[in-house]
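Undergrad: Would you be able to build a 3D model of this:
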Amino acid sequence: MDNNQIFKDIISKLEHYCGYQERCSIDVEMKLHKIDAPSNIYDDVFAYLRENNFLDDLRYAKSFTRGKFYNNKWGKNKIFAALRAKRINTSSINIALEEIDEQEYYNTLVHICRIKTNNIGGIESMNNKKKLLNFAMQRGFESKLIWRFINVTNK
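TA: Take a look at the predicted model:
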């Protein structure tokens with residue numbers, strides 16, 4: 001099989017792969033390894049996918065951020081870390097995180113904190129405050145916002 005045909009076959013597979021769900025560059029790179037694509041065509045494959053709008057890391061970051069925030073109730077710190085693990089550049093991550101409405105973000109924190117507060121039996125004790133703080137920080141929310149919730153709730 002000639003190189004042109006190999007390229008066309010790989011592009012066909014990756015168009016389907018990227019068309020099915022939003023992908024980032026590292027996902028495509030891993031897929032190229034998985035299908036044993038020759039490494040000398042990687043640059044051409046990436047160029048083709050970007051030119052034809054199959055691959056866009058900023059679009060991926062925005063989609064990932066929306067999904068993890070609205071569906072999984074993740075905070076910005078956890079989203080940031082997950083996107084960095086996918087090798088998305090910091091400026092793209094920051095642009096994606098800016099799309100989260102601040103009031104909606106705080107309301108989500110309040111919602112998950114109220115559920116946790118009910119589960120642990122209130123936050124009057126310092127031990128329960130620590131449990132709530134750890135829980136919300138593991139979800140990726142900032143300690144400043146969590147303490148704001150704790151202070152408002154304890155009044």
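
Undergrad: contacts, neighbours, all on C-alpha from now
TA: Noted.

Undergrad: residues near Thr117, how many?
TA: 19 (other CA atoms under 10 Å).

Undergrad: Flag the shaky bits of this protein, pLDDT-wise.
TA: Filtered on pLDDT under 70, the chain yields the residue ranges 1, 155.

Undergrad: can you pull out the helices in it?
TA: Applying DSSP state H to the chain gives helices spanning 3-20, 25-34, 42-51, 57-70, 76-85, 90-98, 102-120, 126-138, 143-153.

Undergrad: Buried residues, the second one. List them.
TA: In this case it means helix 25-34. Neighbour counts over helix 25-34 (16 or more other CA atoms under 10 Å) mark 25, 28, 31-32 as buried.

Undergrad: quick check, nearest of those residues to Phe80?
TA: Proximity of these to Phe80, judged by CA to CA, is greatest for Ser25, which lies at 16.5 Å.

Undergrad: What spatial separation is found between the closest one and Asn89?
TA: Counting by CA to CA, to the nearest Å, the gap between Ser25 and Asn89 amounts to 11 Å.

Undergrad: on that earlier part again, any chance of the buried residues of helix 25-34 in CSV, with distance to Ile120 too?
TA: Conversion of those to CSV gives the following (distance: CA to CA, whole Å):
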residue, distance to Ile120
Ser25, 42
Val28, 43
Lys31, 44
Leu32, 47
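
Undergrad: Among the residues you listed, which one sits closest to Ala85?
TA: Using CA to CA, those come closest to Ala85 at Ser25, 11.9 Å.

Undergrad: Could you find the closest non-adjacent residue to the closest one?
TA: Distances taken as CA to CA, 6 or more residues apart in numbering place Asp57 nearest to Ser25, at 6.7 Å, with adjacent residues excluded.
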